[in-house]
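# Sharing a model prediction with you, sequence too.
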Amino acid sequence: MPRARLTTPFVRLRSFAPRSQISRYSTIISQRASPLPLATTSGCSKRPRTGPSVPSVAPERRQIARMGGAAVEKEGLVIPLIDFSEFLYGTPDERKETAGEILRGFQNAGFIYLKNHPIPLDVVQHTFSMSANFFRQSDEAKMDVAWTTPEANRGYSAPGKEKVSEQMDIGDITKERDAAPDLKESYEIGREGEEKHPNQWPQREEGPMAGFKKDMLSFHDLCKGLHFQVMSAIAVGMGLDDGFFDKHLDVGDNTLRLLHYPAVDSSVFANNANAVRAGAHSDYGSITLLFQDARGGLQVRSPTGTFVDATPIEGTIVVNAGDLLARWSNDTIRSTIHRVVEPPFKQGPTHPARYSIAYFCNPNFSSFIEALPGTYAAEGEKKYPGITSGDYLVQRLTATY
């Protein structure tokens with residue numbers, strides 16, 4: 001992935017991440033990070049490549065799909081592959097056309113893949129490496145920063161703690177968790193500086209964990225900028241002003257989640273048909289930015305009800321619409337069920353560990369969410385009553401843990 005040219009300002013990223021932060025990543029990546037097999041290995045092709053290249057991953061380990069206009073096309077599910085540079089840096093006509101493609105992707109599939117996005121490779125790879133360092137800590141060290149409440153939604157969750165599900169009833173989710181807990185552990189980082197619910201940071205940042213807090217907050221800011229840009233594209237696609245959503249996003253009530261799916265024996269899946277790394281579910285917020293490694297296992301439910309592999313594609317970020325955006329759009333945008341299962345490619349008796357990074361984007365918790373202009377003709381056509389973003393998300397998280 002060509003790194004972002006540091007002499008070019010992020011004009012439409014609203015400077016949430018100063019170029020000095022990106023420059024800092026460029027120097028520390030070779031000093032501290034050991035590369036992981038990533039699928040996000042390219043960025044905006046309109047920017048020249050600078051700096052060290054990332055070591056390539058053996059083909060048998062990455063199994064990366066290389067496709068054209070559609071990232072996924074199977075069982076009636078078509079997930080488009082969008083060149084995001086055309087929206088960021090294109091002419092007004094290119095921006096409008098790309099915004100339409102993005103909106104149609106969310107309306108039809110609920111998912112898109114973004115290529116030529118502005119988050120540089122060395123930043124992504126370093127964040128993956130620091131994530132792996134976090135999960136390599138002792139159980140005691142991780143439990144020192146344990147997740148506590150849905151209102152806070154920060155900290156470490158051990159394997160089996162969370163059960164994502166398409167069920168809405170707490171009792172049903174508890175039954176599913178008891179029968180087949182999700183085979184993953186995670187660590188949540190929210191907006192820094194919230195007095196009532198501070199982030200839970202590791203007490204000791206030394207050795208492999210040196211700089212962990214600063215690096216995670218920098219990545220959080222970069223993703224916040226991309227959140228603005230994708231929402232801007234959705235606004236343009238809907239015929240709204242490109243800054244329509246800005247007032248609902250400026251606080252940054254988003255969650256950066258590091259995910260580790262430990263290595264698992266193939267027999268676990270063979271002996272339990274319900275065993276999954278993450279159960280079938282939809283996401284709760286506006287959109288999710290998903291950075292995958294190259295192991296595979298993500299599946300999206302098609303219109304026929306079949307789960308289809310959403311294979312990692314080199315140089316992309318997977319973006320999916322969440323339930324709150326679907327509600328906001330009066331269900332003109334689709335929030336699609338997805339899951340993480342046994343990788344599709346057999347890798348011997350044991351499936352290696354899988355890592356991913358999800359940035360869950362939400363409207364400001366104080367934002368009142370009701371049907372957007374243009375999604376209904378009369379008041380009676382609004383499908384849902386209004387609700388604040390924070391109240392909605394707490395309701396959903398309460399059922400999950």
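Structure's in. What do you need?

# Tell me which stretches of the stretch 301-401 of the chain form strands.
307-309, 316-321, 338-340, 350-351, 354-361, 368-369, 387-388 (DSSP state E, counting those that start in this stretch).

# What lies in contact with the fourth one?
In this case it means strand 350-351. 263-266, 295, 342-343 (Cβ atoms under 8 Å, 6 or more residues apart in numbering). The way it works is simple: take the backbone N, C-alpha and C, and place the C-beta from them, glycine included.

# just those residues: which has the poorest pLDDT?
The lowest pLDDT within the contacts of strand 350-351 belongs to residue 266, with 68.

# Would you format the strands of the stretch 301-401 of the chain as CSV with distance to residue 208 and mean neighbour count included?
Below are the strands of the stretch 301-401 of the chain laid out as CSV (distance: least, Cβ to Cβ, whole Å; neighbours: other Cβ atoms under 10 Å):
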stretch, distance to residue 208, mean neighbour count
strand 307-309, 33, 18
strand 316-321, 26, 27
strand 338-340, 26, 24
strand 350-351, 24, 18
strand 354-361, 15, 24
strand 368-369, 41, 16
strand 387-388, 40, 16
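
# Which of those sits closest to residue 137?
Nearest to residue 137, of all the strands of the stretch 301-401 of the chain, is strand 354-361, at 14.7 Å by Cβ to Cβ.

# average pLDDT for that closest one?
For strand 354-361, the per-residue pLDDT averages 96.

# So, low pLDDT: which residues of the chain?
Scanning the chain with the threshold set as pLDDT under 70 gives 1-68, 161-181, 266-277, 344-347, 401.

# Please compute how far the helix ranked longest in the chain lies from its chain's middle.
In the chain, with assignment by DSSP state H, the single longest helix is helix 212-237. Taking Cα atoms, centre = their mean, to the nearest Å, one finds helix 212-237 lying 11 Å from the centre of the chain it belongs to.

# ok so, going back, let me have the strands of the stretch 301-401 of the chain in a markdown table, extended by distance to residue 242.
Output for the strands of the stretch 301-401 of the chain, formatted as a markdown table (distance: least, Cβ to Cβ, whole Å):
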| stretch | distance to residue 242 |
| --- | --- |
| strand 307-309 | 32 |
| strand 316-321 | 17 |
| strand 338-340 | 28 |
| strand 350-351 | 43 |
| strand 354-361 | 17 |
| strand 368-369 | 20 |
| strand 387-388 | 25 |
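
# quick one: which of those strands is nearest residue 91?
Nearest to residue 91, of all these, is strand 316-321, at 22.9 Å by Cβ to Cβ.

# Just list what the closest one packs against, helices and strands only.
Judged by 3 or more Cβ pairs under 8 Å, 6 or more residues apart in numbering; DSSP states H and E, the packing partners of strand 316-321 are strand 111-115, strand 287-292.

# Recalculate using a threshold of 10 Å.
strand 70-74, strand 77-83, helix 92-108, strand 111-115, helix 212-237, strand 287-292, strand 298-301, strand 354-361 (3 or more Cβ pairs under 10 Å, 6 or more residues apart in numbering; DSSP states H and E).

# Would you mind giving the ones you listed as a markdown table with distance to residue 186 added?
Formatted as a markdown table, the helices and strands packed on strand 316-321 follow (distance: least, Cβ to Cβ, whole Å):
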| stretch | distance to residue 186 |
| --- | --- |
| strand 70-74 | 25 |
| strand 77-83 | 24 |
| helix 92-108 | 25 |
| strand 111-115 | 21 |
| helix 212-237 | 13 |
| strand 287-292 | 13 |
| strand 298-301 | 15 |
| strand 354-361 | 9 |
